[in-house]
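Trainee: Give the three-dimensional model of this entry:
(2 chains)
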Protein chains: 2
Amino acid sequence: MQAIQSYITKNKDRFLNELINLLKIPSISADSAYKNDVFKAAEVIRSSLENAGCDHVEICETDGYPIVYGEKIIDKNLPTVLVYGHYDVQPPDPLDLWNSPPFEPVIQKTDIHPEGAIFARGASDDKGQVYMHVKALEYMTTHNELPCNVKFMIEGEEEVGSVNLGKFVASNKEKLTNDVILISDTGMIAKGIPSITTGLRGLSYVEVEVTGPNRDLHSGLYGGAVANPINILAKMIASLHDENNHITIPGFYDKVENLSDEERAEMAKAPFSLDDYKKALDIEAVYGEKGYTTNERNSIRPTLDVNGIWGGYTGEGAKTVIASKAYAKISMRLVPHQDWEEITELFKTHFERIAPAGVKVKVTPHHGGQGYVTPTNFNGYKAAAKAYEKTFGQVPIPERSGGSIPIVALFEKELDSKTILMGFGLDSDAIHSPNEHFGIGNYLKGIETIPWFYKYYSEMKG
Amino acid sequence: MQAIQSYITKNKDRFLNELINLLKIPSISADSAYKNDVFKAAEVIRSSLENAGCDHVEICETDGYPIVYGEKIIDKNLPTVLVYGHYDVQPPDPLDLWNSPPFEPVIQKTDIHPEGAIFARGASDDKGQVYMHVKALEYMTTHNELPCNVKFMIEGEEEVGSVNLGKFVASNKEKLTNDVILISDTGMIAKGIPSITTGLRGLSYVEVEVTGPNRDLHSGLYGGAVANPINILAKMIASLHDENNHITIPGFYDKVENLSDEERAEMAKAPFSLDDYKKALDIEAVYGEKGYTTNERNSIRPTLDVNGIWGGYTGEGAKTVIASKAYAKISMRLVPHQDWEEITELFKTHFERIAPAGVKVKVTPHHGGQGYVTPTNFNGYKAAAKAYEKTFGQVPIPERSGGSIPIVALFEKELDSKTILMGFGLDSDAIHSPNEHFGIGNYLKGIETIPWFYKYYSEMKG
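Mentor: As a prediction, this is how the structure comes out:
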């Protein structure tokens, strides 16, 4: 793998331009208006895999967006790495907060990325990180240094709950057989400080609708005399947390895994400055569940957040109306052992139960997934750790993430293999936010590190 | 006035078509996109007053939308009636709930209006009711039966708080001198059951903005660790009412006028069926302040309602985001003696005080106005009651309304004259709602009743 650094230096501009072309496609899976663009992004992934040396590359149709599959089998007796990622992206709104159009990538220097970062929706989540694997494969195939078999499975519905991937995996177990799954869809602790995500939170995402009167009403003539769906929705949402910010849904915490003091002490060693954290977000205080630190609140504890709310008159000026309906999108992040379908059911039952007479409530589950924990004592983890040490010069820190990649738990269930979350993004990448970006240094470091993982993993397995 | 009925019969179609032309103009004062239409509506009012026999009709410019003024002075020694109304309308949204386009008036029969009703935004509030006065004047001038002087003042900013009318009135006291003010911008108890509105609620309308982190965040990476502006806004809104639905803002009730048991018993005599009320709104239960009936809750008691709320992702599908900002439009209906500016200040202070660390709160007052009570023992009220008795065959019921016409209190202060609220609308007109309509019978009955008011009032004053 010695030539990897010089190969990157030689091809840096091409690596950037190819990614930029992919980022120009608004492949927003949540918004059907972008249907054609999502398919277009799949096509670009397909050809990029072929160019990188994959065989049997195919676009596998599903009931939703297709899954791009490709493989390079050099010897049935060698271990097989399955690379998973997604080519769909989050909606870019609010658009007015972007400094440059989300699908017109630009390279800008930042304090954290003096070498420059690519600003575009999907730069870090997940097109940029998927493309690291494509370029790493290109290096290994062109230099004849691929030490094992590799399979790629890149989907287009991750941002909407991977609705069809589960079925695809279940019905293609043979094709997807592997020894370890490699995913780059997470972050590292800080630039230059490598970390491997060893835990993911589960997710339950629901939409609620509160209906009061059968039509919008004049707030003067009816105000105070009928249940106002917005006021009621606010009351119901507020009641979901108690004064200690514990979630009040009966049974919600029953299966939550409580970490030992030792484990919490270990976590607390990760470098973290609360002042920098508050400064970066421009907040005067953090806020969350009593009895836990910020890093515990966003990783080992379950949460409930309203992701969107709307109802009544939201236009310019004033309208004295009592709306007929009010809506909210609510998501719960879950920790290992909490079952997302069970939690969704608990939420539904509770939310319907607390609705006062005078309103009707409808709860619609959107999607969800289980949490996951990666052991640190198997070959996959050890190989990844060694690869990071090789390219960063230091041992990576195992880290629990607050994010969710629901499919990881499913992989273990269906394919019986562990997943290594080899993320090269940073918290400051602003994924899911305006001005998402991916540091060029992180991008190239990923391309450099991945081949070493293949090498070490093959050696350990062999 | 004997010829009024036959005149209406003869000119009915023209009276309807003229109103329909006025209703076709989307004069939405709250939305600057309709600026030209609001001015256009003013122009139509101007010409209609001239055609009805007004002298010195003029479009008086203001810092906002113009006020149309016109007068017919037949004898300085005779009493003068000042007619007030507005030609602007509420925004029509939600558009998808309209059975026909809001600015393409159609006539449809309904159970309450077997003779037909005009469906259009502004049909009842207030273009239709303003036009009754124009046509009533036309009758009196063409038949030489105008028994006193009349002045018209029709504004274009009532739905946005009459922001410039106050200044206009204050600086035109001479021009606007009158003995009684006549307004048709309210309703009557039921079709065929006349009533005169003797009380109006005041209004304080504010917009609130809650800011958490300086950018939208990934709810997985930050969920549970920072204050979510939507959850916080919900909590703050919920806390504005206690378990008895009393408003919790300190000092809010200090100046509220408490009615005597006698007065409440008198109110309770008004015909009202709670079952019909619930059936009409398709609700299983009413909801409101403990210790008061539905008719008390929406008339003699102050209220606080959220008229609109928005924040985060409200599009199709799911987005796991923590929004940087959340917003709400909140209005409070006030009763006589509550000062709207004082209440607005109390709200602002309280709302800012209850904001937890970790968010910033901004409260922006939109507009407001004082409540009002009309005495039933002066000539204006007596003349109106007699006019209703003449055309409906029964004595009208004095009624407190929950609505607000902020300008009425100002009229009394600046012009030192009382206002008669001679409304011909019905609760079922759906003003401020989709499918607003005005019964043709109500429209024509208004045209028939108004001249009798002029006659009786002149006789009583004379």
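Trainee: Flag every residue of the stretch 351-462 of chain A that's near chain B.
Mentor: Proximity of the stretch 351-462 of chain A to chain B, by C-beta under 8 Å from any C-beta of the partner chain, involves residues A:356-359, A:366-367, A:401-404, A:427, A:430-435. Just so you know, the C-beta spots here come from the backbone N, C-alpha and C atoms, and that holds for glycine as well.
Trainee: I'd like to know which of these are buried.
Mentor: Buried members of these, counted by 16 or more other C-beta atoms under 10 Å in any protein chain shown: A:358-359, A:366-367, A:401-404, A:427, A:430-435.
Trainee: How far does the longest helix seen in chain A sit from its chain's centre?
Mentor: As assigned by DSSP state H, the longest helix anywhere in chain A is helix A:440-461. When C-alpha coordinates are averaged (C-alpha atoms, centre = their mean, to the nearest Å), helix A:440-461 and its chain have centres 21 Å apart.
Trainee: So which of the buried ones among the residues of the stretch 351-462 of chain A next to chain B are in strands?
Mentor: Using DSSP state E to define strands, the subset of those located there is A:His366, A:His367.
Trainee: OK, contacts around A:Tyr287?
Mentor: A:Asn245, B:Ala225, B:Val226, B:Ala227, B:Pro356, B:Ala357, B:Gly358 (C-beta atoms under 8 Å, 6 or more residues apart in numbering or on different chains).
Trainee: A:Ile230 now?
Mentor: A:Gly311, A:Gly312, A:Ala323, A:Ala326, B:Ile237, B:Asp305, B:Val306, B:Asn307, B:Gly308, B:Ile309, B:Ala328.
Trainee: The closest residue to the third one other than its chain neighbours - how many residues pack around it?
Mentor: In space, A:Ala323 comes closest to A:Gly312 once its chain neighbours are excluded; the distance is 3.8 Å by C-beta to C-beta, 6 or more residues apart in numbering or on different chains. For A:Gly312, the count of nearby residues is 27 (other C-beta atoms under 10 Å in any protein chain shown).
Trainee: List the beta-bridge partners for A:Gly312.
Mentor: Following DSSP bridges, A:Gly312 is listed with bridge partners B:Gly308.
Trainee: wait, it sits on B:Ile330?
Mentor: No. Taking contacts as C-beta atoms under 8 Å, A:Gly312 lies outside contact range of B:Ile330: 10.2 Å.
Trainee: what sits in contact with each of the two?
Mentor: B:Val306, B:Asn307.
Trainee: Could you point out which residue ranges in chain A have low pLDDT?
Mentor: Scanning chain A with the threshold set as pLDDT under 70 gives A:462.
Trainee: what's the domain layout of it?
Mentor: Following automatic domain parsing, one finds the domains of chain A at A:4-200+A:371-461, A:202-256+A:302-369.
Trainee: mind giving me a markdown table with the ones you listed and columns for distance to B:Pro114?
Mentor: Formatted as a markdown table, the domains of chain A follow (distance: least, C-beta to C-beta, whole Å):
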| stretch | distance to B:Pro114 |
| --- | --- |
| domain A:4-200+A:371-461 | 45 |
| domain A:202-256+A:302-369 | 21 |
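Trainee: Nearest to B:Arg201, out of these?
Mentor: domain A:202-256+A:302-369 (6.3 Å; C-beta to C-beta).
Trainee: ok, A:Ser393 to A:Lys445 distance?
Mentor: Rather than Ser, residue A:393 is Gly. 11 Å (C-beta to C-beta, to the nearest Å).
Trainee: How about A:Glu43?
Mentor: 28 Å.
Trainee: For those two, indicate the residue with more neighbours.
Mentor: Set A:Glu43 next to A:Lys445 and count neighbours by other C-beta under 10 Å: A:Lys445 wins out with 21 against 14.
Trainee: For chain A, just list every one of the helices.
Mentor: Shown for chain A, the helices assigned by DSSP H span residues A:4-23, A:35-51, A:127-142, A:165-170, A:219-222, A:229-238, A:261-267, A:274-281, A:294-297, A:340-353, A:379-392, A:407-415, A:440-461.
Trainee: dump the residue contacts of the residue in the stretch 1-150 of chain A that chain B sits nearest to.
Mentor: Closest residue of the stretch 1-150 of chain A to chain B, C-beta to the nearest C-beta: A:Ala30 (3.3 Å). Taking C-beta under 8 Å, 6+ apart, we find A:Ala30 in contact with A:Gln90, A:Pro91, A:Glu159, A:Val160, B:Gly315, B:Glu316, B:Gly317, B:Ala318, B:Lys319.
Trainee: For A:Lys279, grab the count of nearby residues.
Mentor: Neighbour count of A:Lys279, defined by other C-beta under 10 Å: 11.
Trainee: Buried residues of stretch A:304-321, list them for me.
Mentor: A:304-315, A:317-321.
Trainee: Likewise for stretch A:237-248?
Mentor: Residues of stretch A:237-248 classed as buried by neighbour count (16+ other C-beta under 10 Å): A:Ile237, A:Ala238, A:Ser239, A:Leu240, A:His241, A:Asn245, A:Ile247.
Trainee: Return the distance of the third one relative to chain B.
Mentor: Which is A:Ser239. For A:Ser239, the distance to chain B equals 7 Å [C-beta to the nearest C-beta, to the nearest Å].
Trainee: That residue against A:Thr248, yeah?
Mentor: Yes. Using C-beta under 8 Å, A:Ser239 makes contact with A:Thr248 at a distance of 6.4 Å.
Trainee: Setting aside sequence neighbours, what's the nearest residue to A:Lys325?
Mentor: A:Thr211 (5.1 Å).
Trainee: residues contacting that neighbour?
Mentor: Taking C-beta under 8 Å, 6+ apart, one finds A:Pro229, A:Ser324, A:Lys325, A:Val359, A:Lys360, A:Val361, A:Lys362 in contact with A:Thr211.
Trainee: Okay, and the beta partners of it?
Mentor: Bridge pairing for A:Thr211 - DSSP bridges - gives A:Lys325, A:Lys360.
Trainee: ok, the residue nearest to A:Ile407 when sequence neighbours are not counted - contacts?
Mentor: Distances taken as C-beta to C-beta, 6+ apart place A:Ser162 nearest to A:Ile407, at 4.9 Å, with adjacent residues excluded. A:Ser162 makes contacts with A:His86, A:Glu155, A:His367, A:Gly369, A:Pro406, A:Ile407, as judged by C-beta under 8 Å, 6+ apart.
Trainee: Just put the residues you listed in JSON lines and tack on distance to B:Asn379.
Mentor: As requested, the contacts of A:Ser162 are exported to JSON lines (distance: C-beta to C-beta, whole Å):
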{"residue": "A:His86", "distance to B:Asn379": "78"}
{"residue": "A:Glu155", "distance to B:Asn379": "80"}
{"residue": "A:His367", "distance to B:Asn379": "69"}
{"residue": "A:Gly369", "distance to B:Asn379": "75"}
{"residue": "A:Pro406", "distance to B:Asn379": "75"}
{"residue": "A:Ile407", "distance to B:Asn379": "80"}
